[in-house]
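Peer 1: Okay, structure incoming, though there's no sequence with it:
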């Protein structure tokens with residue numbers, strides 16, 4: 001068995017590829033990240049295909065103009081996926097990330113090969129509706145997920161052998177859109193404790209009534225951080241603390257600056 005992994009970015013694809021390599025079944029990790037990044041996961045360069053031009057172009061557009069980045073997102077995804085399909089020869093099975101895989105799925109289908117599509121969120125139509133509702137609730141402008149991206153993902157759902165989702169919520173979102181449950185595989189995300197070290201000095205154990213919550217991830221509407229802050233503010237518990245670890249997006253700056261006492265952003 002030779003498995004190839006296709007991902008526009010990193011996500012948990014590098015962890016998956018690393019485990020496949022340890023078991024001797026990784027054929028290729030195809031990514032738009034530079035090849036040297038994969039070395040941190042113990043993946044040898046001989047098993048990595050890097051398509052960095054799409055990464056560089058995406059980073060340039062994101063920094064120059066978020067609006068332009070959104071306008072060209074579909075083309076960048078198609079550019080990467082089309083290039084990735086040229087490096088799958090020798091695979092027996094392909095795992096690819098949604099919105100980065102359509103040409104690769106077509107390549108696998110032509111050869112009668114199974115293709116597992118990784119979707120780390122809800123069904124894209126449900127995600128688009130939920131995000132639209134959240135932006136409207138906050139009174140913020142939002143143009144929605146680009147229509148071509150949605151249409152491309154919908155084609156990927158239909159063409160692939162199976163869709164892998166990380167939660168029951170995501171699974172139910174697919175079923176609500178009429179996607180057959182027998183083609184869904186729920187694989188909950190986990191964490192490797194070996195990747196973390198205990199502090200030199202153990203933290204003081206909490207006293208009764210204390211609660212310390214740590215949130216790690218981008219602070220944005222998509223991550224519904226505003227609901228977390230609202231829930232914390234409404235608790236009115238002086239012994240509760242909330243620590244936010246991650247990038248503060250422009251849309252979230254006002255939430256953090258006006259957060260209740262006990263909230264720290266690092």
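Peer 2: Arrived safely, thanks for sending. All figures in this text were calculated on a predicted structure; none of them were measured in a lab.
Peer 1: Can you give me the neighbour number for residue 251?
Peer 2: Using other C-beta atoms under 10 Å, residue 251 has 17 other residues around it. C-beta here means a position set from N, CA and C on the backbone, and glycine is covered the same way.
Peer 1: Name the residues of stretch 168-188 that come out as buried.
Peer 2: Of all the residues in stretch 168-188, those buried under the rule 16 or more other C-beta atoms under 10 Å are 170, 171, 172, 173, 174, 179, 184.
Peer 1: Same question for stretch 81-96.
Peer 2: Neighbour counts using 16+ other C-beta under 10 Å place 81, 83, 84, 85, 87, 88, 91, 93, 94, 95, 96 of stretch 81-96 among the buried residues.
Peer 1: can you map out the strands along this protein?
Peer 2: In the chain, the segments counted as strands under DSSP state E are 3-7, 26-31, 48-50, 93-97, 115-118, 162-165, 184-186, 211-216, 240-245, 263-265.
Peer 1: want to throw those into CSV with mean pLDDT and distance to residue 40?
Peer 2: Compiled in CSV, the strands of the chain are given as follows (pLDDT from 0 to 100; distance: least, C-beta to C-beta, whole Å):
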stretch, mean pLDDT, distance to residue 40
strand 3-7, 97, 15
strand 26-31, 97, 12
strand 48-50, 96, 12
strand 93-97, 98, 19
strand 115-118, 98, 20
strand 162-165, 97, 24
strand 184-186, 97, 28
strand 211-216, 86, 19
strand 240-245, 86, 20
strand 263-265, 74, 27
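Peer 1: Now tabulate the ones you listed in JSON lines and tack on distance to residue 107.
Peer 2: As requested, the strands of the chain are arranged in JSON lines below (distance: least, C-beta to C-beta, whole Å):
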{"stretch": "strand 3-7", "distance to residue 107": "10"}
{"stretch": "strand 26-31", "distance to residue 107": "12"}
{"stretch": "strand 48-50", "distance to residue 107": "14"}
{"stretch": "strand 93-97", "distance to residue 107": "8"}
{"stretch": "strand 115-118", "distance to residue 107": "9"}
{"stretch": "strand 162-165", "distance to residue 107": "17"}
{"stretch": "strand 184-186", "distance to residue 107": "21"}
{"stretch": "strand 211-216", "distance to residue 107": "36"}
{"stretch": "strand 240-245", "distance to residue 107": "39"}
{"stretch": "strand 263-265", "distance to residue 107": "44"}
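Peer 1: With residue 39 as the reference, name the closest of those strands.
Peer 2: Taking C-beta to C-beta, strand 48-50 is the member of those nearest to residue 39, at 8.4 Å.
Peer 1: mind listing what the closest one pairs with, with the direction of each?
Peer 2: Sheet partners assigned to strand 48-50 using DSSP bridges are listed as strand 26-31 (parallel).
Peer 1: All the helices of the chain, in order from the start?
Peer 2: Secondary structure of the chain (DSSP state H): helices at 13-22, 35-38, 52-64, 66-71, 73-84, 102-110, 124-138, 147-159, 168-176, 225-235, 253-257.
Peer 1: looking at these, which has the lowest confidence?
Peer 2: Ranked by mean pLDDT, these end with helix 66-71 in last place, scoring a mean of 71.
Peer 1: how about the nearest residue to residue 219, chain neighbours excluded?
Peer 2: Leaving aside its sequence neighbours, residue 219 sits nearest to residue 252 (C-beta to C-beta, 6 or more residues apart in numbering; 4.0 Å).
Peer 1: What residues does that neighbour make contact with?
Peer 2: Neighbouring residues of residue 252 by C-beta atoms under 8 Å, 6 or more residues apart in numbering: 219, 220, 221, 225, 226.
Peer 1: What are the contacting residues of stretch 22-31?
Peer 2: Stretch 22-31 is touched from outside by 1-10, 13-14, 17, 20, 38, 42-43, 47-51, 84, 87-88, 90-92, with contacts defined as C-beta under 8 Å, 6+ apart.
Peer 1: From these, list the buried ones, please.
Peer 2: Among those, those buried by neighbour count (16+ other C-beta under 10 Å) are 3-8, 13-14, 17, 20, 38, 43, 47-51, 84, 87-88, 91.
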